[in-house]
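Undergrad: using only what follows, build the 3D model:
(chains A and B, ligands or ions: 2)
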Amino acid sequence: MTLAATTVPTFSPTHRLQWEESQQKYVILYPEGMVELSESAAEILKLCDGTRAFPEIVTELEQKFETDGLTDDVREFLEIALDNGWIKDRPHH
Amino acid sequence: MAGSKTAPITNPRWLLAELTYRCPLQCPYCSNPLDFAEHLNELGTDEWLRVLSEARAMGAVQLGFSGGEPLTRGDLTTLVRHARALGYYSNLITSGYGLSEEKIVELRTAGLDHIQVSIQAPEKTLNDQLAGTESFENKKQVARLVKKHGYPMVLCVVIHRRNIHQMREILEMAIELQADYLELANTQYYGWAHLNREQLLPTREQFEQAEAIAQEYKKALQGKMKIYYVVPDYYEDRPKACMNGWGTTFLTIAPDGMALPCHAARELPDLRCPNVRDMSIRDIWLHSEAFNAFRGDEWMQEPCRSCPEKAKDFGGCRCQAYLMTGDTRRTDPVCGLSPDRHLIDRIISAAGQSEARPLTFRNVRNSKALVPPH
Ligand code: SF4
Ligand code: SF4
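TA: Ligands and ions are numbered 1, 2, ... in the order given. Next comes the predicted model:
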């Protein structure tokens, strides 16, 4: 799936994003399954709360990590997340 | 202890809480042990609360409430609430039979994450016949209510010779019910399924036709419905990576508190599985003889011991090795490299040749008749 600039990625209500103390990482939980997340993946998903459009997520991450040029990496990950159903593609109205 | 000392012990990730062996249905492929009627001395609420806390502290995060029928436990909501507070992702694995809308809402409020409803067949006659109880319409209604109340809906259908020809109808039923996930679980032959294997094992031809249909839908439904297709391992050339490795990931607690490295392990002789009534989950996981019995690879025999694939499949399933060869340490006979593969081939070539014997249904009466109490 491809991502539009107007897309507001929203974490799926039927999945759960959670910090796991014993694994020292964030995980996504869903029926009978679990995905362990890298630090950067977790940082992106935490911003998918339905209030930010895709470019805003990029800007916020770039500010947070004092860097630029994250657009492609974030896009790539969000497309994977969409395909896996971790986030929903909710266009801005 | 026979387990390899070199590999560090990993933490459990999955806890399967088999709350009870009571069940209103009588599925002839049930994976419960044949002698379940001897183990009806269930853990109490406080004991389960402690089990949940201790396993969570060890790192378990996925939690399955199963059985038997977990809905027969009056304290299910209490357990779900505790599980949610601990941070588990809770799965209710149910036949759906007798699940009211009120209960669905109550469990949701308590923090249940998902309900898996199992349906025996895509039509009333066969469903009710396999379940040993009239339940088809009720189950479909439950599936709709699960969806209505915001749970991800997982439909599970166990596949065998009596329903494998209905693969297309099963998939259409899942679409009609708007399932988010569909588990097409080819029967695994343990417990009651092993007892009824002659009547349940599909022929290779049936299996191949059904798989082609399932794959066709899987492609067409991509992004809409996730289809988990559990292969029947008899028709494979390599064994399944059973339990993701013994004592690495999965912890099952049986209704009477017995801790099992795999839910079929009760059938293994001399394993001396520990009980949560006597030991903490921590001691069970780290130090019990049973959980260390097949850790690592030191216990293996040839051809597994020197096989490059042993890190991938761990030599297959211990219960299957035992059921087929009488030796828990042998290579899973499903493996094409096993000297016992002919045992599986013989069973396969006999598949479909014997319709005459009736199915033995899973109920207390049959359990007692099969395994008279000692
Ligand atoms: S498989 Fe059937 S009989 Fe066995 S516990 Fe499940 S619903 Fe009950
Ligand atoms: S010989 Fe053993 S380890 Fe090798 S593929 Fe077969 S079961 Fe797996």
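Undergrad: hang on, isn't B:Y88 packed against B:F65?
TA: No. Applying CB atoms under 8 Å, one finds B:Y88 not in contact with B:F65, separated by 10.0 Å. Backbone N, C-alpha and C define where each C-beta goes, glycine included.
Undergrad: phi first, then psi, for the residue nearest to B:Y97 when sequence neighbours are not counted.
TA: Excluding the flanking residues, the one nearest B:Y97 by CB to CB, 6 or more residues apart in numbering or on different chains is B:S135, at 4.8 Å. Taking degrees, to the nearest 10, you get phi -150, psi 0 for the backbone angles of B:S135.
Undergrad: how many neighbours does B:S135 have?
TA: Residues near B:S135, counting by other CB atoms under 10 Å in any protein chain shown, number 22.
Undergrad: for chain A, which segments count as strands?
TA: A:7-11, A:16-20, A:25-30, A:33-36, A:87-91 (DSSP state E).
Undergrad: now these as a markdown table including mean neighbour count, distance to ligand 2 and mean pLDDT?
TA: Output for these, formatted as a markdown table (neighbours: other CB atoms under 10 Å in any protein chain shown; distance: least, CB to the nearest ligand atom, whole Å; pLDDT from 0 to 100):
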| stretch | mean neighbour count | distance to ligand 2 | mean pLDDT |
| --- | --- | --- | --- |
| strand A:7-11 | 20 | 39 | 91 |
| strand A:16-20 | 16 | 31 | 95 |
| strand A:25-30 | 20 | 29 | 95 |
| strand A:33-36 | 14 | 24 | 92 |
| strand A:87-91 | 17 | 38 | 78 |
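Undergrad: closest one to B:C30 among the ones you listed?
TA: Of all these, it is strand A:33-36 that lies closest to B:C30, at 23.9 Å by CB to CB.
Undergrad: what lines up beside that closest one in the sheet?
TA: If you go by DSSP bridges, strand A:33-36 pairs up with strand A:25-30 (antiparallel).
Undergrad: for the residue in the stretch 151-300 of chain B positioned nearest to chain A, give me its contacts.
TA: Across the stretch 151-300 of chain B, no residue is closer to chain A than B:P152, which sits at 3.9 Å (CB to the nearest CB). B:P152 is in contact with A:14, A:30-31, B:113-114, B:180-181, counting by CB atoms under 8 Å, 6 or more residues apart in numbering or on different chains.
Undergrad: let's see that with 7 Å instead.
TA: Contacts for B:P152 (CB atoms under 7 Å, 6 or more residues apart in numbering or on different chains) come out as A:14, A:30-31, B:114, B:180-181.
Undergrad: how about it, phi and psi?
TA: The phi/psi pair for B:P152 (degrees, to the nearest 10) reads phi -70, psi 130.
Undergrad: list the strands paired with the worst-scoring helix or strand of chain A on mean pLDDT, with their directions.
TA: The weakest-scoring helix or strand in chain A, judged by mean pLDDT, DSSP states H and E, is strand A:87-91 (a mean of 78). Using DSSP bridges, strand A:87-91 pairs in its sheet with strand A:7-11 (antiparallel).
Undergrad: okay, the angle between the partner strand and strand A:16-20?
TA: Relative orientation of strand A:7-11 versus strand A:16-20 (axes from the mean of the first three to the mean of the last three CA atoms, to 10 degrees): 60 degrees.
Undergrad: now strand A:7-11, how far from the centre of its chain.
TA: 8 Å (CA atoms, centre = their mean, to the nearest Å).
Undergrad: equivalent analysis for stretch B:8-16, please.
TA: 17 Å.
Undergrad: could you do stretch B:95-110 as well?
TA: 22 Å.
Undergrad: list the buried residues in it.
TA: For stretch B:95-110, a neighbour-count test (16 or more other CB atoms under 10 Å in any protein chain shown) marks B:95-99, B:104, B:107-108, B:110 as buried.
Undergrad: so which of the residues you listed also contact ligand 1?
TA: With CB under 6 Å from any ligand atom as the criterion, the buried residues of stretch B:95-110 include B:S95 near ligand 1.
Undergrad: from the buried residues of stretch B:95-110, which land in helices?
TA: Counted as lying in helices by DSSP state H, out of those, are B:104, B:107-108, B:110.
Undergrad: now stretch A:39-47: average pLDDT?
TA: On average, the pLDDT along stretch A:39-47 is 94.
Undergrad: run through who's touching that stretch.
TA: Residues outside stretch A:39-47 that contact it (CB under 7 Å, 6+ apart): A:11, A:17, A:26, A:57, A:60-61, A:74, A:77-78, A:81, A:86.
Undergrad: 10 Å instead?
TA: By CB atoms under 10 Å, 6 or more residues apart in numbering or on different chains, the residues outside stretch A:39-47 that reach it are A:9, A:11, A:15, A:17, A:19, A:25-28, A:35-38, A:54, A:56-58, A:60-61, A:64-65, A:70, A:73-74, A:77-78, A:80-81, A:86-87.
Undergrad: got a list of what the residue in chain A sticking out farthest from the centre touches?
TA: Distance to the chain centre peaks in chain A at A:S22, reaching 22.3 Å (criterion: CA atoms, centre = their mean). Contacts for A:S22 (CB under 10 Å, 6+ apart) come out as B:11-13, B:56-61.
Undergrad: rerun at 7 Å
TA: B:11, B:59.
Undergrad: same question, the one 5 residues further on
TA: With contacts taken as CB under 7 Å, 6+ apart, A:V27 has the following neighbours: A:18, A:20, A:34-37, B:61.
Undergrad: strands of chain B, start to end?
TA: Secondary structure of chain B (DSSP E): strands located at B:14-18, B:62-66, B:89-94, B:114-118, B:153-159, B:181-186, B:226-230, B:250-253, B:259-260.
Undergrad: gap between B:A311 and chain A?
TA: 19 Å (CB to the nearest CB, to the nearest Å).
Undergrad: next one: that residue from B:D297, what distance?
TA: Distance, B:A311 to B:D297, using CB to CB, to the nearest Å: 8 Å.
Undergrad: same thing with B:S288?
TA: 19 Å.
Undergrad: and what of B:D313?
TA: Relative to B:D297, and taking CB to CB, B:D313 is found at 11 Å.
Undergrad: what does B:S100 give?
TA: B:S100 sits 49 Å away from B:D297 when distances are taken as CB to CB.
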